[in-house]
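1. pasted the sequence and its predicted model underneath.
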Amino acid sequence: MDLENEVMELIANAGYARSLVFQAMRCAREEEDFVQAEQYMQQAQEALSGAHHVQTKLIEMDEGSGKIPVHLVMVHAQDHLMNAIMLMEMGREIIALHQKIAR
């Protein structure tokens, strides 16, 4: 396994998920298009699942014994993933609020 490529895949998937959540929130706020917002959120969840899959693979390879060196880019990747996860949760709440206001 090429560790650098795996880490970059994690960053790319998490970043893409983050961008999609922002698109979903804008769509809900500016256009009140909640169907499209949900489609963006589903795409974001798929990207997030891809990032989480890479993270799980890395954890399994490490086996909790420090087999994989932790470099700054690895920390950066984990930061991207955690931010994307939090944004998914917040995005769902914000979209739900926009739906409630639009009624």
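-> That came in fine, so what should we check first?
2. going by C-alpha atoms from here, please, whenever you check contacts or count neighbours.
-> Fine.
3. buried residues, the top helix by length along the chain. List them.
-> For the chain, the helix with the greatest residue count under DSSP state H is helix 72-102. Of all the residues in helix 72-102, those buried under the rule 16 or more other Cα atoms under 10 Å are 74, 77-78, 80-81, 84-85, 87-88, 91-92, 94-95, 98.
4. for the residues you listed, which one is nearest Phe34?
-> Ile95 (7.7 Å; Cα to Cα).
5. turn the buried residues of helix 72-102 into CSV, including distance to Arg26.
-> Below are the buried residues of helix 72-102 laid out as CSV (distance: Cα to Cα, whole Å):
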residue, distance to Arg26
Met74, 30
Ala77, 25
Gln78, 26
His80, 21
Leu81, 21
Ala84, 16
Ile85, 18
Leu87, 13
Met88, 14
Gly91, 10
Arg92, 12
Ile94, 10
Ile95, 9
His98, 10
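6. any idea of the mean pLDDT for the longest helix of the chain?
-> Averaging pLDDT along helix 72-102 yields 96.
7. and for the closest residue to Leu10 other than its chain neighbours, the neighbour number?
-> Of all residues not flanking Leu10 in the chain, Ala51 sits nearest, at 4.5 Å (Cα to Cα, 6 or more residues apart in numbering). Neighbours of Ala51 under the rule other Cα atoms under 10 Å: 29.
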